[in-house]
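Q: how would this look folded up:
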Amino acid sequence: MGKDSKAKESAKGKSKQSGGGSAAEAPSKGKSKGGGGSGKDELGTCTYVKARHVLCEKQGRINDAYKKLQDGWINNGDKVPPAEFAKVAAEFSECPSGKKGGDLGWFPRGKMAGPFQEVAFSTPVGSTSAPFKSTHGYHFILVEGRKN
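A: I've put the predicted structure just below:
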């Protein structure tokens, strides 16, 4: 559960979770279906993730959205309720899913590209990732569920 404290630190600057170009390569390193992974909470071995996200073109806007969650929930050590995350997504997200509270539903490993998949499949259930960059812009994710 130390993810939230890391998220606070990385939200102040460039996200450390995106890891530059290496994050896009990470899913191929033993994290495929049946791969080793970390074992904890089946982070490295689950097949499906249910998530919400906020997507913004500009880093400043994603940081503003994340700060809104941080001030209300994350800094207090609380997990962000999906309904609260949905309000922020509806207000800030530039993705069509923003109208649905950022809900991406269940998606399988391999559907999302590079850093997005890496963050979605490595964030613990109930936790919110720090902002990170992908080919589509800047995101942060709330992981709501995980299954095989």
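Q: use CA for all of it now, contacts and neighbours both
A: Will do.
Q: Might one say that residue 93 is in contact with residue 58?
A: No. Residue 93 lies out of contact with residue 58 (Cα atoms under 8 Å); the separation is 10.8 Å.
Q: by contact count, what packs against the helix ranked longest in the chain?
A: When the chain is scanned for its longest helix (criterion: DSSP state H), the result is helix 59-72. Here helix 59-72 touches helix 3-11, strand 48-56, helix 82-92, strand 137-147, going by 3 or more Cα pairs under 8 Å, 6 or more residues apart in numbering; DSSP states H and E.
Q: Try it again at 10 Å.
A: Other helices and strands packing on helix 59-72, by 3 or more Cα pairs under 10 Å, 6 or more residues apart in numbering; DSSP states H and E, are helix 3-11, strand 48-56, helix 82-92, strand 132-134, strand 137-147.
Q: Dump those into TSV; add mean pLDDT, mean neighbour count and distance to residue 120 as well.
A: Output for those, formatted as TSV (pLDDT from 0 to 100; neighbours: other Cα atoms under 10 Å; distance: least, Cα to Cα, whole Å):
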stretch	mean pLDDT	mean neighbour count	distance to residue 120
helix 3-11	40	17	13
strand 48-56	97	24	7
helix 82-92	95	19	15
strand 132-134	96	23	11
strand 137-147	96	21	7
